[in-house]
Structures are given as structure tokens and as C-alpha cells.
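Colleague: Dropping a prediction and its sequence here:
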Amino acid sequence: MATPILRWCCPGRRWVFAGIGSVFRHGRGVPTGSTSSGKRGQSTVAQQPLITAQKPRKGEREWAAVVGLEIHAQIASNSKLFSGSQVDFAAPPNSLVSFFDASLPGTLPVLNRRCVEAAVMTGLALDCHINRRSLFDRKHYFYADLPAGYQITQQRLPIAVNGSLVYSVCVGKRQSQMVTKTAGVKQIQLEQDSGKSLHDSLRSQTLIDLNRAGVGLLEVVLEPDMSCGEEAAAAIRELQLILQALGTSQANMAEGQLRVDANISVHNPGEPLGVRTEVKNLNSARFLAKAIDYEIQRQINELENGGKILNETRSFDYKLGCTVPMRDKEGKQDYRFMPEPNLPPLLLYDSGSLPTGTDPQQVINIDQLREQLPELPRVTREKLVQQYGMLPEHSFALLNEVGLLEFFQNVIKETRAEPKKVTSWVLNTFLGFLKQQNLAVSESPVTPSALAELLDLLDRKAISSSAAKQVFQELWRSKGKTPAQIVAEKKLELMQDAEALEQLCRSTLEAHPQVVTDVKKGNPRAINKLIGLVRRATLGRADPTVIKEVLERQLSS
Ligand SMILES: Nc1ncnc2c1ncn2[C@@H]1O[C@H](COP(=O)(O)OP(=O)(O)OP(=O)(O)O)[C@@H](O)[C@H]1O
Ligand SMILES: [Mg+2]
Ligand SMILES: [Mg+2]
């Protein structure tokens, strides 16, 4: 097979198109300005290409790619969706399985209130309409880790519909510009998770663990409003942050708490959307992006070579970086949906419509849940930008790492240093050290108070910035020492004796007449050489800006 060459585009790469689907041209990778129809996926920056479009050459075809996501998020709840079994992913296999989870005859589902509340809160956060009446259905398929032979889900009337997910992608030469985009949320439905099948290839056996069977899931279905892997990955990261802020799911992709199915199709702009394939169970944002980009190119190649796209389910081979067919969907998968007879319609209320005489504990009040909504990541980021004059990408970086924002805010509370300085130290030095050692913020040996004290020393000009870096390294290594102790031990405090510094500068000028001549001739590097010489003489304890001032004054007198 020929090596696929990317011939389509995405924001952040060279060619950007807003609207539904980026437009790609097969042949040379130069997009045109037209977009396919559709009101979703609107960029708040502009609904126009960011660079001037070129017309395709004669005989060349344009391609637009369309991506829609189905996201399964495990609900953070102590018990399962319809049984009292505990939810604990570290428990020994099959230790948390009730009779209902194993589907023994005579057992009945009892809906978990916490899961419903999580679905409503997620729906509200995503600007959805919450259905006051929703229904449960059985979706039948056969698999060994689904003991009932059906999954209880919400096919006909889900709990939330018609929302939107606002997310941002980086564009521009250095990915420094953020473009805000919106993906429609078609629906959010409550459903059960299946058990886990563990394939033991050595003994040709499949082992079944039912601990996960019946755990509550939120299926969030996004409209086909994205146009490449990068957009899909950004949308997923944003949803992850929202779920974590709400506390409705831990949404850790690596641990399978957030799993994504990507639906992908390509078409010629102006024509109806193409046949979609579905790449199942992607559990990292990076692989999601890779799988989508590969699949777009595969479909374009297939169509260009006169082939046809099958409405099939595919999986992503992480090692080879390509998608491979799993099973053909066309006409073969009949889920035989039917209403779940053992669950009544799920009714929700507003404060104004509570049924009289009912115990408020027995009903779910949407207005009450709305009041409990925490600040959403987008709002937090906007506040950071406004309050501290932070660059938008810095506000993203602070939220992308668990606990980093709290760390930053604690440093800000304790230091007199400027927020810009704090941002730079937290995002460059502190985060750099964490990443290098693969540590979480909670595992950091440097506390916010220690960093605040270090920044205060810098702010008071008690130490130079290079000394501050040394102190930080020592703080990281020594665990428990304070910055002041390290500065004293290592004799890093800046020279405060102005007369001594004057003297040192003067003797340096006398000892290096050639460099002085160079400075006078206008060689810009010569002054740096002099500064370096004085700094070395002070063992790095003098502030380079002060040295420069003194030297310049002495040179001009
Ligand atoms: N032409 C298309 N190209 C790409 N994505 C599409 C297209 N049409 C629909 N989609 C996306 O496919 C997904 C359909 O999800 P939905 O849950 O409604 O159905 P399903 O995939 O058939 O069901 P299941 O839950 O069994 O996987 C949505 O995310 C939607 O945005
Ligand atoms: Mg679905
Ligand atoms: Mg699907």
C-alpha cells in the first residue's frame, strides 16, 4: 500500500476553514474557500478561511471531512446505575457483582439518584434542554460480558438534548492563537456499562469480570461538527475538564473512565455528507486525533481510487497507527430496541412544578441542581485572563494539569511578586520539573509557600534570577529546607554593598582596556563581557542589571 500523504487540513496547520468540515483538495493539499452546509461548528473568530483560498485545478476534487463523537463517561458514584453494588475499579475481579448485575431471574432495576443528578448537571453545564420526562430502553446484543443480553439505555427519549460544547484550538505559526469553536451536543443519555472481557491468549481463554457490569455511564453524543483529529482532541479535553469540574465523572481516559467512539466521513463540498465509519474505544486524546486523521486520509484514498466507504466499525491499531475493520454495520447489527418494562418514565421537576404533597427528597429538582453548578473551566480561564492579564494559552495550561491552578492560586496568595512572574515560574520552571520527573502536582516536593517565599526574595532583589533557579533546584532536592536557608547556606544573597560593587567595576575596567575600547567602538557584546567578568568576581551575587548601570555610568564619566 502506498504511504498515505496528508492532503487535507486542520486549524493550526497551514489551511484553516471554519464551518462544518474543513475543506481539502485531493491532489495538492490546497483548500478552497467554500464550506459544506450546516449551521454548527461555528468559529467565533470567523466563518472564513484564515488564508486566502485557491480554486482547485481542473480535474482535482475537493474533500471535506466531518467528525462526530460519542463519548462514554463513567459516572462518579459509589454504587451502580440500577443496583446497590459498590463501584471500585481496584477491587478483585467479580467481587462487586449483585444478583441484578449478573442478571439472575427475578431481580429488578432500581434507579440510582446520584447518576440521574450527574446526568442533569452535565446536561445543564453543556447548555442542553433537560427532558422533564425521559425513558429507558433495552438495546440487545450478544456478548459474554453482558449477562442480560441487553443494555439498558435511553434510545427514544434521552435525559438531555440539544446542547453545545464550546472548545478552543490553537492556530497560527507557533500555535499561539486560540480559536473558539462549538460542537453541538445531540443528546446525553444514561446507560449501563458492560463487564470486562480479559483475553488470555496463552491459554486461549476469555475471562469475564463483572465488576464493571452495570456501572452508570453518560453517553454524550456530539453532532458531526468537527473536521479533524485536532479539533476532536480539543473538544474531548474540554469535556473532560467540564466533567471533572462538575465531579460527575473522574474522566480519566487512561483508566477507561472516558472512552470515545469517533464517527468519520468525507464528502465533496456542497454534496450530502458521506458514509461514516466508526472508530471504537479510543482512550487517549492523542490517539483519538491520530485515528481520525488516518481515517480521513484512508477514506479519501479509497474514494479517489474508485472504491466505496462501508458503514463499518473499526478499531485503531495503536502500534501501527492505522484503523482496521472490526465488524460490518450495514444492515447486520439489529439492536432490537424495546422499552424497558421494569422502569417507569424518569420524571424531573422545576421548583415551580413540584408535585404537591411530595417529599422533596423523593423528586429531582432541576433548579436546585442548577444552583449547585460550579464555575466551568471556560469561565475560570476568562477570569484568569482578566484578573492577571494572562495569555489565553497560559490559562489553558494552568487548567490542563490536575491541581496546577490551585497551586498557582496558593502561590499568588502568599507572594508579593507580580502575577506574570508567578505564571512564568509555575508554567515554566515548576511544571517543567514535574514533567521531567513524571510527577503529579500533588507529588511535588516544592510547596506553594516555598515557591512564594522564593519569588519574594527575587522580588526584593535579595537574590538574582540565576540564583533563584539554583534555589529552586535545591528546594526540589532537599525537601523541607526553606529558600532563605538555602540562600544563606549557599551564600547566594545579592551583594548589597554599593561601594564594594563600584570598586569591583572600576578595577574590572582598568584590568580590561581592550574590552573597554570595544565597548566604546560600539561592539554590543563587549558590555556583556564586562558584566560577566564583574559577576564572576562577585561569585554571582551581584544583580546583572545593577552591574550594567554602574559600568555604563563609569564608562561615560
Ligand atoms: N456522516 C457523518 N459523518 C461523521 N459523523 C457522523 C455522520 N453522521 C452522524 N455522525 C455522528 O455519528 C454519531 C452517531 O451516534 P449515535 O449514538 O446517534 O448512533 P450510533 O453510532 O448508530 O449508535 P451506537 O450508540 O450504537 O454506536 C454522532 O456522533 C454523529 O455526530
Ligand atoms: Mg451512540
Ligand atoms: Mg456509535
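Modeller: Noted; the coordinates are in hand. Ligands and ions are numbered 1, 2, ... in the order given.
Colleague: Can you tell me the element the residue of the stretch 301-450 of the chain found nearest ligand 3 falls in?
Modeller: Proximity to ligand 3, evaluated over the stretch 301-450 of the chain using C-beta to the ion, is greatest for residue 313 at 8.1 Å. Quick note: C-beta positions are derived from backbone N, CA and C, even for glycine. According to DSSP states H and E, residue 313 maps onto strand 312-317.
Colleague: what about the residue nearest the centre of the chain, is that helix, strand or coil?
Modeller: Residue closest to the average C-alpha location in the chain (C-alpha atoms, centre = their mean): residue 237, at 2.4 Å. For residue 237, the assignment made with DSSP: H, G, I helix; E, B strand; the rest coil gives helix.
Colleague: Let me know the next secondary structure element after the strand holding residue 313.
Modeller: Next along the chain from strand 312-317, counting by DSSP H and E, comes strand 322-328.
Colleague: per-domain residue ranges of this protein.
Modeller: For the chain, automatic domain parsing gives the domain ranges 69-339, 377-489, 498-556.
Colleague: Please name whichever of those domains is nearest to residue 367.
Modeller: domain 69-339 (10.0 Å; C-beta to C-beta).
Colleague: so how far is that closest one from its chain's centroid?
Modeller: Put simply, domain 69-339 sits 16 Å off its chain's centre (C-alpha atoms, centre = their mean, to the nearest Å).
Colleague: Now mean pLDDT too, for the domains of the chain, in TSV please.
Modeller: Converted to TSV, the domains of the chain look like this (pLDDT from 0 to 100):
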stretch	mean pLDDT
domain 69-339	94
domain 377-489	93
domain 498-556	87
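Colleague: any chance of the ones you listed in TSV, plus distance to ligand 1?
Modeller: Listed next are those as TSV, based on distance: least, C-beta to the nearest ligand atom, whole Å:
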stretch	distance to ligand 1
domain 69-339	3
domain 377-489	22
domain 498-556	57
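Colleague: any chance of those domains in TSV, plus distance to residue 365?
Modeller: Formatted as TSV, those follow (distance: least, C-beta to C-beta, whole Å):
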stretch	distance to residue 365
domain 69-339	10
domain 377-489	24
domain 498-556	61
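Colleague: Residue 366: which of these is closest?
Modeller: It is, among those and with distance given as C-beta to C-beta, domain 69-339, at 5.5 Å.
Colleague: Apart from its chain neighbours, what residue comes closest to residue 398?
Modeller: residue 405 (4.8 Å; C-beta to C-beta, 6 or more residues apart in numbering).
Colleague: so that neighbour makes contact with residue 381?
Modeller: No - the pair residue 405 / residue 381 is not scored as a contact, 9.5 Å apart, by C-beta atoms under 8 Å.
Colleague: Now for these two: what residues contact both?
Modeller: Common neighbours of residue 405 and residue 381 are listed as residue 399 (criterion: C-beta atoms under 8 Å, 6 or more residues apart in numbering).
Colleague: Quick one: residues in contact with stretch 129-142.
Modeller: By C-beta under 8 Å, 6+ apart, stretch 129-142 touches 120, 123-124, 149-163, 190, 333, 335-340, 343, 345-350, 353, 366.
Colleague: Which ones among those lie within helices?
Modeller: 120, 123, 124, 366 (DSSP state H).
Colleague: in terms of contact, does the last one touch residue 353 like I think?
Modeller: No - with contact defined as C-beta under 8 Å, residue 366 and residue 353 do not form a contacting pair (9.3 Å).
Colleague: More neighbours: these two, which one.
Modeller: A side-by-side neighbour count of residue 366 and residue 353, using other C-beta atoms under 10 Å, places residue 366 first with 18 against 13.
Colleague: list the contacts for the more buried one?
Modeller: 120, 124, 130, 348, 349, 350.
Colleague: Can you name the residues that contact the residue nearest to the centre of the chain?
Modeller: Contacts of residue 237 (C-beta under 8 Å, 6+ apart): 167, 285, 400.
Colleague: got a winner among these for most neighbours?
Modeller: Neighbour-wise, the contacts of residue 237 (other C-beta under 10 Å) top out at residue 167, 24 neighbours.
Colleague: Not counting its neighbours along the chain, what's nearest it?
Modeller: residue 238 (3.9 Å).
Colleague: correct me, but that neighbour touches residue 178?
Modeller: No - if you go by C-beta under 8 Å, residue 238 and residue 178 don't touch, sitting 11.8 Å apart.
Colleague: tell me, what's touching the two both at once?
Modeller: Common neighbours of residue 238 and residue 178 (C-beta under 8 Å, 6+ apart) are residue 168.
Colleague: Name whatever forms a beta bridge with the closest residue to ligand 1 within the stretch 51-200 of the chain.
Modeller: Closest to ligand 1 within the stretch 51-200 of the chain is residue 68: 2.1 Å, counting by C-beta to the nearest ligand atom. Counting by DSSP bridges, residue 68 is bridged to residue 263.
Colleague: wait, it sits on residue 231?
Modeller: No - counting by C-beta under 8 Å, residue 231 is not a contact partner of residue 68; they are 11.4 Å apart.
Colleague: Can I take it that residue 221 is in a strand?
Modeller: Yes - counting by three-state DSSP, residue 221 is part of a strand.
Colleague: how many neighbours does it have?
Modeller: 18.
Colleague: which one is it nearest to, not counting chain neighbours?
Modeller: residue 186 (4.4 Å).
Colleague: That neighbour: which element?
Modeller: Assigned by DSSP H and E, residue 186 falls in strand 177-192.
Colleague: Can you give me the buried ones in that strand?
Modeller: 177-179, 181-192 (16 or more other C-beta atoms under 10 Å).
Colleague: Between all of these, which two are separated the most?
Modeller: Most distant of the buried residues of strand 177-192, by C-beta to C-beta, are 177 and 192, 42.6 Å apart.
Colleague: Convert stretch 383-396 to CSV, retaining C-alpha atoms only.
Modeller: C-alpha atoms of stretch 383-396 as CSV (Å, rounded to 0.1, in the frame of the first residue of the first chain):
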residue,chain,number,x,y,z
LYS,A,383,-11.3,35.2,34.8
LEU,A,384,-7.6,34.3,34.8
VAL,A,385,-7.0,36.3,31.7
GLN,A,386,-8.9,39.3,33.0
GLN,A,387,-7.6,39.3,36.6
TYR,A,388,-4.0,38.6,35.9
GLY,A,389,-3.6,39.8,32.3
MET,A,390,-2.5,36.3,31.5
LEU,A,391,-2.2,35.0,27.9
PRO,A,392,-5.1,32.7,27.0
GLU,A,393,-2.8,29.8,26.3
HIS,A,394,-1.4,30.2,29.8
SER,A,395,-4.8,30.0,31.3
PHE,A,396,-5.3,26.7,29.3
